[in-house]
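A.B. asks: can't give you the sequence, but here's the structure:
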């Protein structure tokens, strides 16, 4: 039997759920799914948390419908759990107290593209790949790329980022405004479409990263960028992880506007070689990419090459053809799957610490030593330009002892990052999995967060049991 | 007699103030100033709002002292008004219900510079010029430049930006974390020092732009940038404001990473010529600046030159020598003073709308027509790369009729910008002056802001009578 990792309990409001569901069925008919398989799929996680299915899944098709559903749930104090495509890693879509999952995947219209303003408005269920395909003809793109083809609403809700945040920022930096349904069913738009504003509290940023606990995001206005005239990239091997980290620090400090700089440790390179047939030297390696004009990309590449050499880097392998570049980055994005080849049958558990870049080498080094001492298999891949790195711990979920050992290791890793003035989550979010680290990370700030939650959602119906427990 | 523009009243808690001030004097002695001149200076505004002096000014020297002062005020429900150097434009430092002003200007220590991480931590009273002088030897700078030598705490509190936000973003984008004293005296740090995080609600962004209504910012950790290897800049005249706006739109769209792009209309150029002895052609003019490597700056300048020409721009005048560049940007920063030469004795009233850049030419055009119809003198200067422009309306404050006429004009301007999906304030903040526009701008979102305010500051002691009135 699969071992289960404990999560915060949420009391179940049986009477409320019993009242809300028939009302939803009466209003939305076949768009309310009650079958177990579909409900379980909506409460499944891609980590080691147990599935907690909602009582019903409603497929909403507009902001107005989401408002109706939320009002109906609010009337009976029934939990509301927003769902995009379910790529979250920390149990964000689980329903620990049951309730109603609102599936937003049918809200996938691109509402408007304002090319002159470099922004667009999309419904929350549009995925990043869908958007970029739509934009390509206009020479525009949306840069945030967490790997998975997540929905833009979900990416906003978890403050997602990914490989090119080092250049373009995270969802925090690339959302102009949001439309959200609040816990009483009120629809708000958090800001207007001006590039900047000093008009009151930043509700946009408050909702970004709130993981559905304050409202349901139904539309997002995003900042766009012109597709770069030139893109160059490649891979560079290093003798040690420290050397690769030092090259990264120097690159950032020098002001090279690098678009991507990803570290793979030797074990991760081995996994990628096996899974994606890359043929790379199995040593710590940086995957890099430069965006700009032809001249600027050439200059950036040359400067990076000098820095890499200075830090002990080996021969730089350029991926000049787009298809070679795609193959490299596809391999990077397939890291989650690639690691399975290192230990078939194990489940990869993703960690997500982020530290100031000056502490990165030290944090990776201590973590590697801990991995070895703990006897785990856990390749490393990192958005090193931001100080953010992931382990994929390959856990035998049938072994209670191993799950416990891995869980203790994750705890040490998170506390190590926090002690280095870093965070337990750079981009995956808190969900259920990281709640226990927030008190250490935020101290009294956590109480301020809770007071905001209580003020906006006094009945605690919005995605309860996520981020923090309310007393 | 000077005409007064009405602001929201705040009831005065006479008994509380009577209790708090002797307690403050007992604790802080001579650091509590009670003299009228100094108190009035701390409640003065640089706009047309009447001075509303606090009952006492306390010069705090540490976060712990600020916490003591806030606790003491909270015990008697006495208003607390944070003060940096008093450069705000919308009555942010006024004390409509009296109370205690906390002067943070003595908290001017640079706590730490982490060059490897490109960040630094400063006390709230450090000004941007002080910081940049300190950083220069390390090859680093802090880019946000609102013109005035404001404190970094004040700039965070109003979500300030300025001339180079088009390249580097605003205070929203350049603060890593804050230390703040909350209304009950609790000290929080809003985030850790990692470049990004998904660990819960974004308290950093909540406090940025909260104008002292949620807490007193006492320390700020800022993102730094390397001083560019090369800087180039100059001025380019255009036949019309529309042509200059079109050149701006194309520049941004093409992806030229322009560091500054400022529009001055013909009247503003005239004022600058008189005040700063520039000798420019009196026609709409763009002031621009490029940052980068030598090669990249040359390429950016060339591309911009082509765009300007295409849009009808005249001969570009390069300021190649640093002293010529300084003179130009000093003239830009002295706009506030320069306009006085157009109508000696009048008071310049600054407006601050910001619209999507696609609507900029239209908004400026309609506004110019309105100025003419209203018979006001009001030169225009704008951070046009962000769609943000200011008028300096030269108002005879002795004429009630003229004040009323100007106030009505400002109302039309703000509503025009909001109707174009813009904001009544791009960077100055709401303070007392723009409260009446927020309901139109935010709709039901304003109630969400109020609920946050009530939750965090239930006694409404933190800078009451700013941003919104509580019912």
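C.D. replies: Okay, I see it. All values reported here derive from a predicted model rather than from experimental measurement. Numbering: from 1, shown residues only, chains lettered A, B, ... in the order given.
A.B. asks: same for the longest helix along chain A, what does it pack against?
C.D. replies: If you go by DSSP state H, chain A has its longest helix at helix A:400-419. With contacts taken as 3 or more CB pairs under 8 Å, 6 or more residues apart in numbering or on different chains; DSSP states H and E, helix A:400-419 sits against helix A:360-374, strand A:388-395, helix A:438-442. From N, CA and C alone the C-beta is placed, and that goes for glycine too.
A.B. asks: do that again at 6 Å, thanks
C.D. replies: Secondary-structure packing of helix A:400-419 (3 or more CB pairs under 6 Å, 6 or more residues apart in numbering or on different chains; DSSP states H and E): strand A:388-395.
A.B. asks: quick one: contacts of the strand it packs on?
C.D. replies: By CB atoms under 6 Å, 6 or more residues apart in numbering or on different chains, the residues outside strand A:388-395 that reach it are A:339, A:343, A:346-352, A:354, A:376-382, A:402, A:406, A:426.
A.B. asks: residues of the stretch 1-150 of chain A that sit close to chain B?
C.D. replies: Residues of the stretch 1-150 of chain A lying close to chain B (CB under 6 Å from any CB of the partner chain) are A:116, A:117.
A.B. asks: the lowest-mean-pLDDT helix or strand in chain A: how far from the chain's middle?
C.D. replies: For chain A, counting by mean pLDDT, DSSP states H and E, strand A:317-318 ranks last in confidence among helices and strands (a mean of 84). For strand A:317-318, the separation from the chain centroid amounts to 29 Å (computed by CA atoms, centre = their mean, to the nearest Å).
A.B. asks: so which bits of the next helix or strand after that strand are buried?
C.D. replies: Using DSSP states H and E, the helix or strand that follows strand A:317-318 in sequence is helix A:322-333. Buried residues in helix A:322-333, defined by neighbour count with 16 or more other CB atoms under 10 Å in any protein chain shown: A:325, A:328, A:329, A:331, A:332, A:333.
A.B. asks: then stretch A:38-56?
C.D. replies: Going by neighbour count (16+ other CB under 10 Å), the buried part of stretch A:38-56 is A:39, A:41-56.
A.B. asks: just to revisit the earlier point, which outside residues touch the least confident helix or strand of chain A?
C.D. replies: Residues outside strand A:317-318 that contact it (CB under 6 Å, 6+ apart): A:234, A:235.
A.B. asks: how does it look with 7 Å?
C.D. replies: Here strand A:317-318 makes contact (CB atoms under 7 Å, 6 or more residues apart in numbering or on different chains) with A:232, A:234, A:235.
A.B. asks: which one of these is nearest residue B:212?
C.D. replies: Nearest to residue B:212 among those, counting by CB to CB, is residue A:232 at 47.5 Å.
A.B. asks: now do that closest one against residue A:258, distance only.
C.D. replies: Distance of residue A:232 to residue A:258, given as CB to CB, to the nearest Å: 11 Å.
A.B. asks: by neighbours, which of the contacts of strand A:317-318 wins?
C.D. replies: Counting neighbours by other CB atoms under 10 Å in any protein chain shown, the top entry in the contacts of strand A:317-318 is residue A:235, with 23 neighbours.
A.B. asks: close to chain B, is the helix or strand containing that one?
C.D. replies: In this assignment (DSSP H and E), residue A:235 forms part of strand A:230-237. No: figure legend: strand A:230-237 not in contact with chain B (CB under 7 Å from any CB of the partner chain); closest approach 11.3 Å.
A.B. asks: sorry, back to before: next, the buried residues of the longest helix of chain A.
C.D. replies: Neighbour-count burial for helix A:400-419 flags A:402, A:403, A:405, A:406, A:407, A:409, A:410, A:413, A:414, A:416, A:417, A:418 (criterion: 16+ other CB under 10 Å).
A.B. asks: pLDDT score assigned to the third one?
C.D. replies: Looking at residue A:405, its pLDDT is 97.
A.B. asks: looking at it, it is touching residue A:374, isn't it?
C.D. replies: Yes: in this structure residue A:405 lies within contact range of residue A:374 using CB atoms under 7 Å: 6.0 Å.
A.B. asks: surely residue A:360 meets residue A:384?
C.D. replies: Yes: using CB under 7 Å, residue A:360 makes contact with residue A:384 at a distance of 6.3 Å.
A.B. asks: one step back: shared neighbours, residue A:232 and residue A:258?
C.D. replies: Jointly contacting residue A:232 and residue A:258 under the rule CB under 7 Å, 6+ apart are residue A:290.
A.B. asks: nearest spatial neighbour of residue A:331, skipping sequence neighbours?
C.D. replies: In space, and not counting its chain neighbours, residue A:331 is closest to residue A:276: 3.7 Å by CB to CB, 6 or more residues apart in numbering or on different chains.
A.B. asks: I meant to write residue A:16 there.
C.D. replies: Of all residues not flanking residue A:16 in the chain, residue A:76 sits nearest, at 3.7 Å (CB to CB, 6+ apart).
A.B. asks: surely that neighbour meets residue A:20?
C.D. replies: Yes: contact criterion CB under 7 Å: residue A:76 and residue A:20 qualify, at 4.4 Å.
A.B. asks: before we move on, back to that, count the residues that sit near the residue nearest to residue A:16.
C.D. replies: The number of residues packed near residue A:76 is 19, by other CB under 10 Å.
A.B. asks: residue contacts, it?
C.D. replies: Contacts for residue A:76 (CB under 7 Å, 6+ apart) come out as A:16, A:19, A:20.
A.B. asks: pLDDT wise, what is the last one at?
C.D. replies: Looking at residue A:20, its pLDDT reads 98.
A.B. asks: which positions in the strand or helix carrying it come out as buried?
C.D. replies: Assigned by DSSP H and E, residue A:20 belongs to helix A:14-28. In terms of neighbour count (16+ other CB under 10 Å), helix A:14-28 has its buried residues at A:16, A:17, A:20, A:21, A:23, A:24, A:28.
A.B. asks: following the chain onward from it, which element is next?
C.D. replies: Once the chain leaves helix A:14-28, the next helix or strand it forms, by DSSP H and E, is strand A:32-33.
A.B. asks: I'd like the average pLDDT over that next one.
C.D. replies: Mean pLDDT, computed over strand A:32-33, is 98.
A.B. asks: for it, packing partners?
C.D. replies: Packing partners of strand A:32-33 (3 or more CB pairs under 7 Å, 6 or more residues apart in numbering or on different chains; DSSP states H and E): strand A:56-59.
A.B. asks: partner strands of the strand it packs on, parallel or antiparallel?
C.D. replies: Here strand A:56-59 is paired, per DSSP bridges, with strand A:32-33 (antiparallel), strand A:100-103 (parallel).
A.B. asks: the next helix or strand after it vs helix A:14-28, what angle?
C.D. replies: Next helix or strand after strand A:56-59 toward the C-terminus (DSSP H and E): helix A:63-75. Calculated by axes from the mean of the first three to the mean of the last three CA atoms, to 10 degrees, helix A:63-75 forms an angle of 150 degrees with helix A:14-28.
A.B. asks: list the contacts of helix A:63-75.
C.D. replies: Outside of helix A:63-75, the residues within contact range by CB under 7 Å, 6+ apart are A:20, A:23-24, A:27, A:58, A:60, A:80, A:100, A:102, A:179, A:181, A:183-185, A:187, A:216, A:218-219, A:459, A:461.
A.B. asks: verify the stated contact: residue A:212 with residue A:463.
C.D. replies: Yes: if you go by CB under 7 Å, residue A:212 and residue A:463 touch, sitting 3.8 Å apart.
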